[in-house]
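Participant: Provided below for reference: sequence and predicted model.
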4 protein chains.
Amino acid sequence: MSWIETSYMGRKGVARGRRGATHALTEARQGPYHYVYGPYATPVLRVQPGDVIAAETHDAFEGKIRTEQDSPSALLKMPFLNPQNGPIAVEGAEKGDVLAVHILSILPRGPQPAGTTALIPEFGGLVATPATAMLNKPLPERVKKMVVTPEGVVFSDRVTLPYEPFIGTLGVSPEIEAVSSLQPDYWGGNMDLPDVAPGAVVYFPVHHKDAYLYLGDCHGRQGDGELCGVAVEIPAVATIQVDLIKGWHIPGVRLETEAFIMSVGSARPMEDAARMAYRDLIRWMVDDYGFEESEAYFLCTQAGKMRVGNMVDPKYTLGASMLKTWLA
Amino acid sequence: MSWIETSYMGRKGVARGRRGATHALTEARQGPYHYVYGPYATPVLRVQPGDVIAAETHDAFEGKIRTEQDSPSALLKMPFLNPQNGPIAVEGAEKGDVLAVHILSILPRGPQPAGTTALIPEFGGLVATPATAMLNKPLPERVKKMVVTPEGVVFSDRVTLPYEPFIGTLGVSPEIEAVSSLQPDYWGGNMDLPDVAPGAVVYFPVHHKDAYLYLGDCHGRQGDGELCGVAVEIPAVATIQVDLIKGWHIPGVRLETEAFIMSVGSARPMEDAARMAYRDLIRWMVDDYGFEESEAYFLCTQAGKMRVGNMVDPKYTLGASMLKTWLA
Amino acid sequence: MSWIETSYMGRKGVARGRRGATHALTEARQGPYHYVYGPYATPVLRVQPGDVIAAETHDAFEGKIRTEQDSPSALLKMPFLNPQNGPIAVEGAEKGDVLAVHILSILPRGPQPAGTTALIPEFGGLVATPATAMLNKPLPERVKKMVVTPEGVVFSDRVTLPYEPFIGTLGVSPEIEAVSSLQPDYWGGNMDLPDVAPGAVVYFPVHHKDAYLYLGDCHGRQGDGELCGVAVEIPAVATIQVDLIKGWHIPGVRLETEAFIMSVGSARPMEDAARMAYRDLIRWMVDDYGFEESEAYFLCTQAGKMRVGNMVDPKYTLGASMLKTWLA
Amino acid sequence: MSWIETSYMGRKGVARGRRGATHALTEARQGPYHYVYGPYATPVLRVQPGDVIAAETHDAFEGKIRTEQDSPSALLKMPFLNPQNGPIAVEGAEKGDVLAVHILSILPRGPQPAGTTALIPEFGGLVATPATAMLNKPLPERVKKMVVTPEGVVFSDRVTLPYEPFIGTLGVSPEIEAVSSLQPDYWGGNMDLPDVAPGAVVYFPVHHKDAYLYLGDCHGRQGDGELCGVAVEIPAVATIQVDLIKGWHIPGVRLETEAFIMSVGSARPMEDAARMAYRDLIRWMVDDYGFEESEAYFLCTQAGKMRVGNMVDPKYTLGASMLKTWLA
């Protein structure tokens, strides 16, 4: 028996986590990729709760950066960045429901070196940006290509880092907004949170009929904060299973693994993302695990974990988590 | 001769600031109001550079709060807040142009008391919000209605404040995003900046063909920061003139009066909005007034002015300005 | 009759604002200047409530930057910056009292050009700093000297700015801390707030017996935010009168002019300084002017003013103010 | 052979990490505890590099909170909080050196329940505070006492958390400032960083002759962020070894374990603490591990770890770390 049977998805999902049909969302089937999370696009796929989707995702640069000699600023054009697969219509989803996305696997695809990272002018956590505007001159551009396989990310001659892939951008449509896929928010989007990885179930509040799921921007791995703004960006086949939970109301993104539950906050300044994440975790502990509020506050103080997803996107993303052991 | 002839609009506008036809954008002609700034709506009006539009704007609550006994939380429903007139298509506008909006007049309309302010749970500058999330209990709701005429805002028996109206929300469509009219950003939107007042010319970077101008959310007056989040909200007739400037590239909103030029920044945390505004002001001084960068930096240090527009919206808005006297 | 008689100082001060003896705090009498606000130094002067002190202040660089060819980074040495006169013991001051400082005049002294501004590496509002750490290279250093007289600040051949002097750094000792004179906080210090100008009365909460007043860092003028970090720094004779108020408890710095009252907040991020200032202003209106809290909140929303003092010091300083007209 | 021999302390320390004399810094020997980190106190102990000190630390409340019925606001009095042992003079330490502190063990002392956590009005990460000032009413006070032994922290009937002790407040004197022991900064202080634990070596830049080491505020354990502001506070015997490194210049606190190196940043807003930590880590990798700057930036992006120490103190503390494996 898998722990999934004991997850929210397994216990409360319309499909109880049982797998339905598998859909291949190839590049060809996708057609044009999308650069906003919104309700104004036409679904490329309609699925049932329980169905599995294997999506061919592009990397965040849509494959335009091919060699270490390429110039990101010459090849990339705002706002046409971070291409997304979708929207995928999940039948039966209504505003107020929760969409569960169980991440099954993420595999690199395409020619090697499949991985790209880069220094892009006025972008990143340790440089002046249009938001944190300064008069200092930008750093020089630089591209680094890396061989990425399930055996590892070849960072340099000396260092091969573990392959620990996750989906950088994943979420559902807002109700009436259509927001850049570069931005994370309560609907998901560009969270760049390494916990959105194979094995995890991610929960999103549904705002639009049929949910309109988007995904893209897979990473071969990433450190906390995605410091320079560009992780190990890879084109990938991301395989996910979806389910639908009725009667569970969540204000933003939540996540579950066998070991822990996590609430996600996206905001600026960073402390607001941390507050948002921890407050939702406390409310979750109160609503579903029988904690008195101050007791949950105390337990988070003594045993909570905080993951810094990104410190570079239009909103920073942090995840506050609690081991299930301490919720028993 | 009006100073307008010497303004950017007067000198560089396609219409050189000359007035064209006048269009009445009544409630009836508007039909449904909009809650996002985006390219997905159909224009309600097509105008030429130089044309004048008299728009019947709703207040930010679409008139739903009628008495001091009304409950904002019962009557208001996210994201259907801050209704906007438009989009108004300005013929000839192309991505990369600048749309000039000259504000001619703002007059309250509708039955008295026309003005509304309110304490809304989890909203405002001195309370915990969904973004600055805390465990403290919200303040009680409260509504305050005020008689608002060009003679003044009757705040209380003792105090009548000057009528100093401005347009709270004004801007153009982003290129592919459709963003809540509650948010300010580089395209304008919910800046809540008291300088967006009769006499001023506001400049917006065009991102979409025909610009798609939106406006709404007139205020009878407001203090710096719009502290509780709700100014003297009024339904109004806002009369504006539009013009189009080719070959002037601006990264965000700029503003001009007879006395000063201003660059606007919208961001969180607040220092980022201040940095954004001041950096753009310096670049403007360098590009158009012949300053060497460090000299402009010094002059802003010794003579710059900073206006706090809002400290309550999804992004805070600040305006950095310089007297034209010092630019001579 | 001066408005001072109606001020807090005039109504509640031990000396009722009446002038006592005048003390000349010359450079010679001062001896070594101080670089911290704290209780560990020996007073250079003991005064009575009502007394007047004429202090010979140094500029923030202690006069070390003499020409435009000087190198700030070679001449300045942390933490020996921003030299302060004092401490001045005010007899009778006890923890919990309020020290009133009425600023009488500020006159430049020393050889011309008396004014200095500069670009200092890793310091300023639009550059990376040790706090907002980035990898961008610093801007080049630059010094600008200016003739400063009561007739004006000669900024350039074309532009002479008004002489609008104020005391950049002014305050009292914390109880047990001794904190760099570069930092503003609830005890005053390096607020760089242009309202601390001749004519104003500034109120400080006393934390240490005899208050231990410090002052220095006079500015010939300054724009909002002190953008590059260095205003028109001048050596000066600053003449102030002190008084003592018993039984008035204030949490931080307050200020009064004939026209308005102001609460000061120093914090990072900037919105916290704004919140602190406005909350204290509301509490002041409630305690001393008979406002109900929500009514004060509404009035600040519609008629409050916010001044950005500095956006460059270890804490940013903002002042929230209300016209006395609206408090009547 | 211990990894300590390969540490900075082991390789570069004056004592090469060899243990010298052991000093018992009992409550009696300490006498009055201190509430500031500064140079104005007289050393309670003089030690040589290599010496071991076993200090009897108080908890952050100096033992005043004895039962769950106690009222923190009645018993605690600012600024007399977070009592510190010290200063300990380390002979030979000069400004510009590095003080190494090897943490050997932390054991609870005193009667059980030895552990205290509490909700204190206007203090904590999810409530309005004097800095993040709001009008919301504070949460009710609450005290929770916990039995704390090396076998575990008895959080509740159901849950015993692992005993994972660390020193909450540890550091050296600033050069001329004396700053509250509640504040963390470049000299250490109230970092509340769980990595400051037995086995780690912490490095501090020396600013004052003989370094003047302070310590206190031991925690039985703590979650990331110390959310409510009060960890598992315990009186303890903290045993540390000190050493001195000449010729190594560091701008702030660094830390080393067998597995990783870490740079610490303390600042507000939180992203500034993160930037500070990561920038110093990159500079460390460049200076001591032969990385080119952009390569270090890339490696931090792909493999850096970020620990949130506290999100409640006057400055937030974060630690950026890199596994030694990837530095090889």
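Facilitator: Alright, I've got the coordinates.

Participant: what lines up beside the host helix or strand of residue A:143 in the sheet?
Facilitator: Residue A:143 belongs to strand A:142-146 when assigned by DSSP states H and E. When pairs are called by DSSP bridges, strand A:142-146 turns out to pair with strand A:115-119 (antiparallel).

Participant: coming back round to it: next structured bit after the strand holding residue A:143?
Facilitator: Counting by DSSP H and E, the next helix or strand C-terminal to strand A:142-146 is strand A:148-149.

Participant: how far is that following strand from where the chain is centred?
Facilitator: 20 Å (CA atoms, centre = their mean, to the nearest Å).

Participant: Could you tell me which strands sit next to it in the sheet, and their orientation?
Facilitator: strand A:152-154 (antiparallel).

Participant: so for the partner strand, what's the average pLDDT?
Facilitator: The average pLDDT within strand A:152-154 is 98.

Participant: Any idea how far stretch A:37-50 is from the middle of the chain?
Facilitator: Distance, centroid of stretch A:37-50 to centroid of chain: 17 Å (CA atoms, centre = their mean).

Participant: how about the residues of the stretch 101-250 of chain A near chain B?
Facilitator: The stretch 101-250 of chain A has residues A:130-135, A:174-180 near chain B, with proximity defined as CB under 8 Å from any CB of the partner chain. In short, each C-beta sits where N, CA and C put it, glycine included.

Participant: switch the cut-off to 10 Å
Facilitator: Residues of the stretch 101-250 of chain A found near chain B (CB under 10 Å from any CB of the partner chain) are A:128-135, A:174-181, A:183, A:185-186, A:207.

Participant: picking that back up, contacts for the strand holding residue A:143, please.
Facilitator: Contacts with strand A:142-146, where a contact means CB atoms under 10 Å, 6 or more residues apart in numbering or on different chains, come from A:61, A:65-72, A:75, A:112-120, A:152-156, A:160-161, A:220-221, A:228, A:230, A:232-234, D:292, D:294-295, D:297-298, D:301-302.

Participant: What is the neighbour count of the closest residue to chain C within the stretch 151-300 of chain A?
Facilitator: Nearest residue of the stretch 151-300 of chain A to chain C (CB to the nearest CB) works out as residue A:269 at 5.4 Å. Residue A:269 is flanked by 25 other residues according to other CB atoms under 10 Å in any protein chain shown.

Participant: ok, back up a step: report the buried members of the contacts of strand A:142-146.
Facilitator: A:61, A:65, A:70, A:72, A:113-120, A:152-155, A:160-161, A:220-221, A:228, A:230, A:232-234, D:294-295, D:297-298, D:301-302 (16 or more other CB atoms under 10 Å in any protein chain shown).

Participant: Out of those, name the ones that lie in helices.
Facilitator: Cross-referencing the buried ones among the contacts of strand A:142-146 against helices under DSSP state H gives A:72, D:294, D:295, D:297, D:298, D:301, D:302.

Participant: quick revisit: could you tell me the angle between the strand holding residue A:143 and helix D:293-303?
Facilitator: 50 degrees (axes from the mean of the first three to the mean of the last three CA atoms, to 10 degrees).

Participant: and strand A:142-146, how far out from the chain's middle?
Facilitator: Distance of strand A:142-146 from its chain centroid, counting by CA atoms, centre = their mean, is 23 Å.

Participant: do stretch A:178-194 as well
Facilitator: With CA atoms, centre = their mean, you get 7 Å for stretch A:178-194.

Participant: Close to chain D: what parts of the stretch 101-250 of chain A are there?
Facilitator: Residues of the stretch 101-250 of chain A lying near chain D (CB under 10 Å from any CB): A:115, A:117-119, A:124-127, A:132, A:139-142, A:144, A:146, A:153, A:155-156, A:158-162, A:164, A:219-232.

Participant: hmm, try it at 8 Å
Facilitator: So the stretch 101-250 of chain A meets chain D at A:117, A:119, A:124-126, A:139-140, A:142, A:144, A:153, A:155-156, A:158-159, A:161, A:221-232 (CB under 8 Å from any CB).

Participant: which residues in the stretch 101-250 of chain A form strands?
Facilitator: Here the stretch 101-250 of chain A has its strands, by DSSP state E, counting those that start in this stretch, at A:115-119, A:142-146, A:148-149, A:152-154, A:160-161, A:166-172, A:179-180, A:184-185, A:188-189, A:201-205, A:213-219, A:236-245.

Participant: Give me whichever of those strands is most buried.
Facilitator: strand A:188-189 (a mean of 31; mean count of other CB atoms under 10 Å in any protein chain shown).

Participant: Which strands or helices does it pack on?
Facilitator: strand A:166-172 (3 or more CB pairs under 8 Å, 6 or more residues apart in numbering or on different chains; DSSP states H and E).

Participant: quick one, the strand it packs on and strand A:201-205 angle?
Facilitator: Using the same axes, to 10 degrees: strand A:166-172 against strand A:201-205 is 30 degrees.

Participant: now strand A:166-172: mean pLDDT?
Facilitator: 98.

Participant: Run me through the strand neighbours of it, direction for each.
Facilitator: Counting by DSSP bridges, strand A:166-172 is paired with strand A:188-189 (antiparallel), strand A:213-219 (antiparallel).

Participant: Now do that strand and strand A:236-245, the angle between them.
Facilitator: Relative orientation of strand A:166-172 versus strand A:236-245 (the same axes, to 10 degrees): 40 degrees.
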